[in-house]
Every structure is written in structure tokens, then in C-alpha cells.
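> Sequence first, then the predicted structure, then my questions.
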Amino acid sequence: MNYLTLQLLNEEEIEILIKTVNDQNNLWEDGKKTAGSHASKVKNNLQLNRNSEISKKYSQLIKKRILENQLIKSFSLPKIIHGIMFTKSSQNMGYGRHIDNPFMSTGRSDLSFTISLTNKENYEGGELVIETLNSEKEFKLDAGQMIIYPSTFLHSVKEVKTGERVVCVGWIESYIKSIEEREYLFDLDAGAKSLLAKYGRSEELDLIFKSYSNLLRLLGN
């Protein structure tokens, strides 16, 4: 499965974020408002009004942290980070099996991401389930952890049984549409940087970095 998990936010950022969004009682609304026609039938959660100043402010923080992270940039090759929103699932809430819209008003969805704002011990249920052709995998994240995965995969969020699950979700339009091509470039970049750190610069590495850059130029859109 082509996905990446990592710690994105520190403890101070998580504490400020969760306290701030949870205090906005009048800004939480039905999550069906931003779901497509199919997804709206299986979506049962709340989301912070995306036009509110709080949502806009912390969406910018999330975008900044993503763009500062070299591993994320190498993995996803982000052209646009868009559609960021904060969602909440309390008892009996979840999000049934669905596929993300390929084109949104904010951009194309090549990669989807979820950032947990609550520790996994604070709620029961609420696992993110990502499906491939022959298998499915469940994820439950610690506070501040992020998962990025292809938007082409069917996925769902299991019903929360107890507690409350608060997350930030969003999408990435990549310079590279293809999952396979992104993986090749990621491996090439990771291997070249590892060799650079281990042995230093060389003429051979210059050729590898040249090939990586020219492949990105060729495959990018």
C-alpha cells in the first residue's frame, strides 16, 4: 500500500488546536454539507465551518507544517494543498465506505490526508479503513500523527463507540498524477539523499540527481 505516516504536529500545537476548535460550539455543522452526492449518504460527522476565521487560520498552519516537511514533499510532490477542514465524530458517528471526488473546487485530489488531534486512547472505534484490490488496513493515530494515502482508494471511518475523534483532513494535488511514478521518484530521491549523507557528493550522484530532476520535469503536470 502506498501511504506515509509520520508525526506532523508537536504537543504545544496539538494542545492549542484541540482546545480552540472544541471551543467553537456555534461553528460546528453537519459534515454532509461538503460531501459529494454518493458520500453524503454515508457521511455522519460534524465539521468546523470552513469559512470561519478559526478554520482559515489553522488551515494555514497545517499547510505550513506540510510544506516544511521534506519527507512529505518528497513523497507527495505537492502542487496544491487544499480543502483542509476540521471534523469531529462523537458516539455513533462515522463515515461509510466512499471514494473522494477526483476534482473539487479547490483542486484535484491525488492524495488524501488525515491528521489526528486526539489520542487514539481517548475514543473507541473510529478507525480509518483504507482498501486496496485484495486487502484493507486499519489506522488509528496518536495526536499530531498524519497519514497520507492515494485518493483513488476506497476508504471509511468506523463508527465511534465511545469518546470523541477530532481530526484535520485535506487533499494534495501532486505534480505527478500516477501512484507508481510518484513511488519511483520517491525511492530515487530517498536513495540519492542517503548516498549523499553517507559518502558525500560525487560525479555519480550528480548524474542521479540530474536524472531525478529531468524525470520530474518529464512526468510532471
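Here it is on my side, so go on.
> Can you show me the helices along this structure?
For the chain, the helices defined by DSSP state H cover 11-22, 53-68, 70-76, 179-199, 203-219.
> Look up how far E15 lies from the residue lying closest to R50 once chain neighbours are set aside.
Leaving aside its sequence neighbours, R50 sits nearest to M85 (C-beta to C-beta, 6 or more residues apart in numbering; 5.3 Å). For the C-beta atoms, the positions are set from N, CA and C on the backbone; glycine is no exception. Note on M85: its distance to E15, by C-beta to C-beta, to the nearest Å, is 20 Å.
> Looking at the two, which one has more neighbours?
It is M85, of M85 and E15, that has more neighbours when counted by other C-beta atoms under 10 Å, with 17 against 14.
> what bridges to the more buried one?
On the basis of DSSP bridges, M85 is bridged to V169.
> returning to that earlier point: which of the helices of the chain is buried the deepest?
helix 70-76 (a mean of 17; mean count of other C-beta atoms under 10 Å).
> what about the spatially most central residue of the chain, distance to K41?
Geometric centre of the chain, nearest residue: F113, 1.2 Å, by C-alpha atoms, centre = their mean. To K41, F113 is 23 Å away according to C-beta to C-beta.
> hang on, isn't L154 packed against H98?
Yes: under the criterion of C-beta atoms under 8 Å, L154 makes contact with H98 at 7.1 Å.
> which residues touch R50?
Going by C-beta atoms under 8 Å, 6 or more residues apart in numbering, R50 touches 34, 56, 59, 85.
> Tell me how far the first one lies from R50.
What it means is T34. Between T34 and R50 the computed distance is 7 Å (C-beta to C-beta).
> Mind listing the shared neighbours of the two?
Joint contacts of T34 and R50 (C-beta under 8 Å, 6+ apart) are M85.
> list the contacts for H98?
With C-beta under 8 Å, 6+ apart, H98 has these contacts: 38-39, 42-43, 154-156.
> and the two most separated of these?
K43 and L154 (14.2 Å; C-beta to C-beta).
> What pLDDT is listed against M1?
At M1, the model reports a pLDDT of 59.
> Domain map for the chain?
As given by automatic domain parsing, the domain ranges for the chain are 4-174, 179-219.
> any chance of the ones you listed in TSV, with mean pLDDT too?
Output for those, formatted as TSV (pLDDT from 0 to 100):
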stretch	mean pLDDT
domain 4-174	95
domain 179-219	96
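> picking that back up, in this structure the residue nearest to R50 contacts S55, no?
Yes: contact criterion C-beta under 8 Å: M85 and S55 qualify, at 6.8 Å.
> any common contacting residues for the two?
Common neighbours of M85 and S55 (C-beta under 8 Å, 6+ apart) are L48.
> All good on my end, thank you.
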